[in-house]
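Asks: Any chance you can model this:
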Amino acid sequence: MGDIEGSYRVLQTPGIRLGAQFNAGISTLEPGQSLSGNMTSGSKSHGRGELQIRVQGLDDSQEFFDIDPKAIGQVLLSEVFRRGNLIESDYFGIEFQNMQLNWVWLEPTKPVMRQARRPANTLFRLSVKFFPPDPGQLQEEYTRYLFSLQMKRDLMESRLICTENTGALLASHLVQSEIGDYDDVADRDFLRMTKLLPYQEKVQERIMELHRRHLGQTPAESDFQILEIARKLEMYGVRFHPAADREGTKINLAVAHMGLQVFQGNTKINTFNWSKIRKLSFKRKRFLIKLHPEVHGPHQDTLEFMMASRDQCKIFWKICVEYHSFFRLFDQPQPKSKTILFTRGSSFRYSGRTQKQLVDYARENGAKRTPYQRFVYTVWSLFIRKTSCFPHNSFLVSTEKCLHTAFITIILSLNCFLLRRNSKIRMSARSLATDVPKQVSDSVVDSPQLSPFNSKDALCLSPSFQMSTLSLPGQAPSPLQSPILNEVGSNAKLEEEEEGRRKRYPTDKAYFIAKEILTTERTYLKDLEVITVWFRSAVIKENAMPEGLMTLLFSNIDPIYEFHRSFLKELDQRLALWEGRSNAHVKGDYQRIGDVMLRNMCALKEFTSFLQKHDEVLTELEKATKRLKKLETVYKEFELQKVCYLPLNTFLLKPIQRLMHYKLILERLCKHYSPTHRDHDACKEALKEVAEMATQLQSSLIRLENFQKLTELQRDLIGIENLTAPGREFIREGCLYKLTKKGLQQRMFFLFSDMLLYTSKGVTATNQFKVHGQLPLHGMIVEESENEWSVPHCFTIYSAQRTIVVAASSQVEMGKWIEDLNIAIDMAKKINPFLPFKQLPVSGSSDEVSLEQESEDDMNSSRTSLDKQTHHRANTTMHVCWHRNTSVSMSDHSQAVENQLSGYLLRKFKNSNGWQKLWVVFTNFCLFFYKTHQDDFPLASLPLLGYTVSTPEESDGIHKEYVFKLQFKSHVYFFRAESEYTFERWMEVIKSAASTTGRMSLLIPKGGPMEINGN
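Replies: Numbers count the residues shown, from 1 in each chain. Take a look at the predicted model:
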């Protein structure tokens, strides 16, 4: 073992937890070393005896830094991070080319002069060192921007290898981030002047075509899309280290967050996860991987790779040590104590924060960050910035004087001022106010109310433009059955983060009520995008909708959508300020929401005329789908897409339903505030404004919800026409057992204001229900008959045409049906007692047939719907009622609309140890699960009908606050909310949807099956 020059043992337990984080970019050094003396030298002006270092930013701009010749690498790193005001600095490093022209990382603990032979003549460059598996783990928009620049660099250097189509997609997002929305001339000029891909000329038209589809996408959203696409590529974050295996085959080694990777060419042939590795070491030119016994099998436990030199071997070994420490440990490892006489192996240890510590640090210090502006420029400004003192794509601006001069140059040259997107400037608001003249600062510096997400638009349309989203076959893996979505860290880390977050954020109930407005607004805007972005794209692509209908539909919903984008931005900014505990000077002004609500509710009144036209829009759209076969096909195909997670026409009702949500939330806020609270009066006025609009549109909403339900049933029922006849109202749908000559047979019943339909679920590919009978309400009588037939919860329905005996799943269900039937019968008598009942056309020779006939008819039934509907909307109330053996009334639907809710929850299985963080949306009696609120479609859904909701019992072993338990038979889930208020809200809305009645065994009547009325 004495000849092993360096070794590293992969620890299975975290290091010792340290105290508060040091403010420097990398926090720990070798024992006895200090940065206090050296850091000050980095900020001195260049003079005699100082070393001037040239550092290239991720956008290729260059800055000079003066350091002491004896300074260690940490001094340069800290100065670069300080001047760039990087909060999440530990993801980055500085690299340079060694004598062999290989890029190597600057080590923080060694003097710069000992690492680079001639540092004054060496080009150092800022680069991403650690690539997290999910860009959502990056807390700061500025960090994501720098990561996107790294992807841009990797594309040009052919490190991020991908198909030409993927490369064009990445380039299109880069163009969107740089110059904004598509413009043919601007795109061509920009692509002519800016190189994004090695093969750019070949795919330029494709880049422009894809850029056209990113309309309205802000720079921050473009950065996120770039990282989302890049992280799915096999070469994301991969840096090759040439080697050879024992047979001499040339391979490439690389290290990633999950472990070591082996490539042959550009193809990954093996991965060794950290959990499989026991020890990493090197011996001269040999790199050794020692595996755990259960991994390697009986043949070998050590893998050996030959590298070009000892130095290259040691460089790769150090990178492996740093990657393992950063991604796998909770706390940074303690520096190895130096022996007095003899040393064995390398004492190298990672000296920065781990990812866990970095995430905590960024969250705790995020509110203290100074603002930066994202400037938008035209192609003309490209020319200006090359001829002015404004640095090209400058990532760091050292003097405000240069910034001022550049702005004045732009104003005088172009006679207009456009904020540039591609340049990021971080500076204090105070320095801007003192050093920049007022006429400039007024136009550049936003008020303190603005959040870091500065853009011309408020929120992402975010189709995440990969058209496969619109045509994904099958189903995504369910989060209710999948492992932890976050690959990094562990359950303990997630719980620690949540505990820390709870302690840092406000605890006032008003804050959580305001946050409910924000979270539900995010979901509401995503729902509007189903129409304004996705459905629009589908009908335009197929040219399926008449121009008049297009104008009617989108001229009504587009203005509403744009208003709510702006409203959401304002809510996001206010909540960000409310959460900022360090903002003592603005704390009193911005810990309220009433002024924002009042201002926007008054503005929303101007859109009342658009909301009033929704009745016409819904009617005309339904008529057109019946009349135009092409539109009907596009409509049905679109409803099969995952992004359309509810019936399409449901999304058209969202704007009016949203008014009801505002009203309910503001009522809770006014009830919470005392009359003397500074926010009470504004909330009261906002409530008054929205209540006036809600009252004005209430009757329209009732009519639209009924029409929407009838059209939904018209599509899902086979064998009946003209269900949407004027005057017909939907009352209840649900599952009952009908007594036939075959015994009790499951049927789906639908009660309307003039008739009762009963159907069976066929075995067709369409997954629809076939109508078997309809009974008029005129002259109908309903009686309990449990004793007569010896069937639990049984009642008889007498009509003019026939008599049927049905059984409910419980006494409660039977009571609901009998009550609604009697009310509907009385209403039918009062409306027009002498009007004869008109039988609706029903397929088949009779309205009730035997079971054998039903099965045969179902196999040969009409196939007007698409065969793909097998996978479509299996979570609709109709199908859930069928499987859960329950029923839902129209009043239940209305209540569910009022109780919509969304937000982040932690989820846990009954027998699992960990908690999984998910974005959860409650609507239409169902929970929809997303990885983040930015996702376009849900990963899975959980229908709540039939579930019970309660707090955990002692036997469940859940010892956490704000946890509720969902259970249906043996299916058990635990969900954890962030506060008492959100916990109570989730309990409230789920109780409103989850039925306490479960499926109960139904007995066959004594004496065997009986035939009733020919059945």
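
Asks: Lys129 contacts Ser89, correct?
Replies: No: contact criterion Cβ atoms under 8 Å: Lys129 and Ser89 do not qualify, at 10.2 Å. (Each C-beta comes from the backbone N, C-alpha and C, glycine too.)

Asks: out of those two, which sits in the more crowded spot?
Replies: Shown here are Lys129 and Ser89; by other Cβ atoms under 10 Å, Ser89 has more neighbours (24 against 20).

Asks: hey, C-alpha coordinates of stretch 596-613 in CSV?
Replies: In CSV, the C-alpha atoms belonging to stretch 596-613 read as follows (Å, rounded to 0.1, in the frame of the first residue of the first chain):
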residue,chain,number,x,y,z
VAL,A,596,-52.4,44.9,-5.1
MET,A,597,-55.8,43.2,-5.0
LEU,A,598,-57.7,46.4,-5.1
ARG,A,599,-55.8,47.9,-8.0
ASN,A,600,-56.2,44.7,-10.1
MET,A,601,-59.8,44.0,-9.2
CYS,A,602,-60.7,47.5,-10.4
ALA,A,603,-58.7,46.9,-13.6
LEU,A,604,-60.4,43.6,-14.0
LYS,A,605,-63.8,45.2,-14.2
GLU,A,606,-62.9,46.5,-17.6
PHE,A,607,-62.9,42.9,-18.9
THR,A,608,-66.5,42.2,-17.8
SER,A,609,-67.7,42.5,-21.4
PHE,A,610,-65.3,39.8,-22.5
LEU,A,611,-66.5,37.5,-19.7
GLN,A,612,-70.1,38.1,-20.7
LYS,A,613,-69.3,36.7,-24.2
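
Asks: Could you find the closest non-adjacent residue to Asp935?
Replies: Excluding its sequence neighbours, the residue lying closest to Asp935 (Cβ to Cβ, 6 or more residues apart in numbering) is Trp919, at 7.1 Å.

Asks: Show the model's pLDDT score for that neighbour.
Replies: Per-residue confidence (pLDDT) for Trp919: 94.

Asks: which residues touch it?
Replies: Contact partners of Trp919, counting by Cβ atoms under 8 Å, 6 or more residues apart in numbering, are Ser902, Gly903, Tyr904, Phe929, Tyr930, Lys931, Thr932, His933, Asp935.

Asks: Using a markdown table, lay out those residues together with pLDDT.
Replies: What follows is these, written out as a markdown table (pLDDT from 0 to 100):
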| residue | pLDDT |
| --- | --- |
| Ser902 | 93 |
| Gly903 | 94 |
| Tyr904 | 94 |
| Phe929 | 94 |
| Tyr930 | 94 |
| Lys931 | 90 |
| Thr932 | 90 |
| His933 | 89 |
| Asp935 | 89 |
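
Asks: Report the buried members of those.
Replies: Neighbour counting with 16 or more other Cβ atoms under 10 Å marks Ser902, Gly903, Tyr904, Phe929, Tyr930, Lys931, His933 as buried within the contacts of Trp919.

Asks: What strand or helix carries the residue nearest to Asp935?
Replies: strand 916-923 (DSSP states H and E).

Asks: Ala353 contacts Tyr361, correct?
Replies: To be clear, residue 353 is Arg; Ala isn't right here. Yes: Arg353 is in contact with Tyr361 according to Cβ under 8 Å; the separation is 6.6 Å.

Asks: neighbour count winner among the two?
Replies: Remark: of Arg353 and Tyr361, Arg353 carries more neighbours, 27 against 21, as counted by other Cβ under 10 Å.

Asks: Count the residues that sit near the closest residue to that one other than its chain neighbours.
Replies: Setting aside the residues directly before and after it, Arg353 is nearest to Asp90 in space (Cβ to Cβ, 6+ apart), at 4.8 Å. Residues within reach of Asp90, counting by other Cβ under 10 Å, total 25.

Asks: and Asp90, that's in a helix?
Replies: Yes: under DSSP: H, G, I helix; E, B strand; the rest coil, Asp90 sits within a helix.

Asks: mind listing what the strand holding Trp919 pairs with, with the direction of each?
Replies: Strand 916-923 has the following strand partners under DSSP bridges: strand 901-909 (antiparallel), strand 926-930 (antiparallel).

Asks: Format those strands as JSON lines; extra columns: distance to Val634.
Replies: Compiled in JSON lines, those are given as follows (distance: least, Cβ to Cβ, whole Å):
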{"stretch": "strand 901-909", "distance to Val634": "29"}
{"stretch": "strand 926-930", "distance to Val634": "24"}
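
Asks: so which of those comes closest to Asn822?
Replies: strand 926-930 (30.0 Å; Cβ to Cβ).

Asks: Please name every helix or strand in contact with the very next helix or strand once past the closest one.
Replies: Sequence order places strand 940-943 as the next helix or strand after strand 926-930, per DSSP H and E. Applying 3 or more Cβ pairs under 8 Å, 6 or more residues apart in numbering; DSSP states H and E, we find strand 940-943 packed against strand 926-930.

Asks: let's see it at 10 Å
Replies: helix 877-884, strand 916-923, strand 926-930, strand 963-968 (3 or more Cβ pairs under 10 Å, 6 or more residues apart in numbering; DSSP states H and E).

Asks: where among those is the average confidence lowest?
Replies: Ranked by mean pLDDT, those end with helix 877-884 in last place, scoring a mean of 79.

Asks: Parallel or antiparallel, list what pairs with the helix or strand that comes right after it.
Replies: Per DSSP H and E, helix 877-884 leads on to strand 887-889 as the next helix or strand towards the C-terminus. Partner strands for strand 887-889, per DSSP bridges, with pairing direction: strand 730-740 (antiparallel).

Asks: Could you check the angle the helix or strand following the partner strand makes with strand 730-740?
Replies: Next helix or strand after strand 730-740 toward the C-terminus (DSSP H and E): strand 743-752. Relative orientation of strand 743-752 and strand 730-740, computed by axes from the mean of the first three to the mean of the last three Cα atoms, to 10 degrees: 160 degrees.

Asks: partner strands of strand 743-752, parallel or antiparallel?
Replies: strand 730-740 (antiparallel), strand 755-761 (antiparallel).

Asks: confidence score at Leu432?
Replies: pLDDT, read off for Leu432, is 31.

Asks: Please apply the same query to Ser347.
Replies: For Ser347, the model assigns a pLDDT of 63.

Asks: any weak-confidence spans in the protein?
Replies: 1-48, 294-300, 332-347, 366-506, 581-589, 762-767, 832-875, 995-1015 (pLDDT under 70).

Asks: can you count the residues close to Asp331?
Replies: 16.

Asks: please begin residue numbering at 430 from this point
Replies: Sure, I'll start counting at 430 from here, so that last one is Asp760.
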